[in-house]
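Participant: predicted model and sequence follow; I will ask about them next.
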Amino acid sequence: MIRIAANLSTLFADLPIEARFEAAARAGFAAVEMQFPYAWPARHIAALLAANGLTLALINAPAGDFARGDRGLVLGDEDAFRRSIDQAIAYAQATDCRRVHVLIGNGPPDAVAVRRLREAARRFSGHGVALMLEALNPLDQPGYALPDLAAADALRIAIGEANVRLQLDAYHLLRSGGDPLAAFDRLGGHVGHIQIADPSDRGEPSEPVLFDVLDTVAASGWDGFVGAEYNPRGKTAAGLGWARRYGVVPGERTDG
Ligand SMILES: O=C(O)[C@H](O)C(=O)CO
Ligand SMILES: [Mg+2]
């Protein structure tokens with residue numbers, strides 16, 4: 001059975017953080033992910049996970065000031081990047097989270113970026129954490145270092161550490177004309193996390209290709225999590241019908 005994780009930065013986002021965890025558990029999720037948990041103490045997040053019986057599948061490392069246009073710290077000041085990795089490790093340890101997405105920044109990843117990411121991956125490895133690389137589509141995120149999965153995979157290979165994995169976000173791929181099924185077929189062995197949203201408006205999954213992706217991934221025996229990283233068109237709970245066939249059913253939770 002495929003494991004769907006509620007992205008608590010986008011789902012139930014109208015609720016206070018404590019209520020988001022409760023709502024996810026009540027809706028039938030056994031796992032959650034968070035883009036940036038750093039506004040709350042790590043021990044608070046850990047307590048909310050434990051109280052609601054939830055696994056934290058993925059967090060992002062601090063990526064700078066999104067409102068100002070930052071999209072990662074790898075290409076910037078070295079100390080700021082190191083501090084972001086320190087903070088990500090502290091949160092991952094406190095919450096037993098095994099995947100950390102490191103956003104790179106705007107501009108092509110150079111040799112310095114490869115070295116910094118290699119060091120970060122080695123540090124993550126000591127804590128049982130995988131370093132995730134995700135492509136962000138150039139329509140929404142012009143200038144981002146990894147505009148497609150091929151660029152993310154080239155960077156993965158250049159870094160050359162076994163715990164560097166790809167984060168296949170079907171929304172970003174589809175939005176820029178990519179084919180997530182072909183990508184999973186080609187690179188599935190290196191994919192450590194998947195995310196979905198409808199390519200039309202980043203809302204609830206409705207395009208048939210997304211269900212083809214989920215069914216293909218489930219049939220393949222791939223054992224990661226699929227993050228529901230979308231912006232609900234209405235109340236989150238009312239839009240979760242799509243997830244029932246993947247085991248997200250109120251009152252019928254399976255282990256995450
Ligand atoms: O935007 C996305 O798809 C990423 O998954 C993310 O977390 C960047 O904030
Ligand atoms: Mg994503």
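Facilitator: Perfect, I can see it now. Ligands and ions are numbered 1, 2, ... in the order given.
Participant: let me see the ranges of the helices in the stretch 101-250 of the chain.
Facilitator: Using DSSP state H, counting those that start in this stretch, the helices of the stretch 101-250 of the chain run over residues 111-125, 149-159, 170-175, 180-187, 208-220.
Participant: can you list those helices in TSV and add distance to ligand 1 and mean pLDDT?
Facilitator: Every C-beta, even on glycine, is put in place using the N, C-alpha and C of the backbone. Below are the helices of the stretch 101-250 of the chain laid out as TSV (distance: least, Cβ to the nearest ligand atom, whole Å; pLDDT from 0 to 100):
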stretch	distance to ligand 1	mean pLDDT
helix 111-125	17	98
helix 149-159	12	98
helix 170-175	6	98
helix 180-187	13	98
helix 208-220	14	97
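Participant: separation between the closest residue to ligand 1 within the stretch 151-256 of the chain and D110?
Facilitator: Per Cβ to the nearest ligand atom, D169 is where the stretch 151-256 of the chain lies closest to ligand 1, at 4.7 Å. To D110, D169 is 24 Å away according to Cβ to Cβ, to the nearest Å.
Participant: give me the number of residues near the residue of the stretch 151-256 of the chain closest to ligand 1?
Facilitator: 23 (other Cβ atoms under 10 Å).
Participant: partners of it in the sheet?
Facilitator: Beta-bridge pairing of D169 under DSSP bridges involves Q195.
Participant: thought R202 was touching it, still the case?
Facilitator: No: if you go by Cβ atoms under 8 Å, D169 and R202 don't touch, sitting 10.4 Å apart.
Participant: and the strands in the stretch 1-150 of the chain?
Facilitator: 3-7, 31-34, 55-60, 99-101, 130-134 (DSSP state E, counting those that start in this stretch).
Participant: partners of the fourth one in the sheet?
Facilitator: What that stands for is strand 99-101. Partners of strand 99-101 in its sheet, by DSSP bridges: strand 55-60 (parallel), strand 130-134 (parallel).
Participant: show me which residues of the stretch 51-200 of the chain are close to ligand 1?
Facilitator: N60, E134, L136, D169, H172, Q195 (Cβ under 6 Å from any ligand atom).
Participant: residue contacts, the nearest residue to V100 once chain neighbours are set aside?
Facilitator: Spatial nearest neighbour of V100, excluding adjacent residues (Cβ to Cβ, 6 or more residues apart in numbering): A88 at 4.9 Å. Contacts for A88 (Cβ atoms under 8 Å, 6 or more residues apart in numbering) come out as I59, N60, A61, P62, V100, V102.
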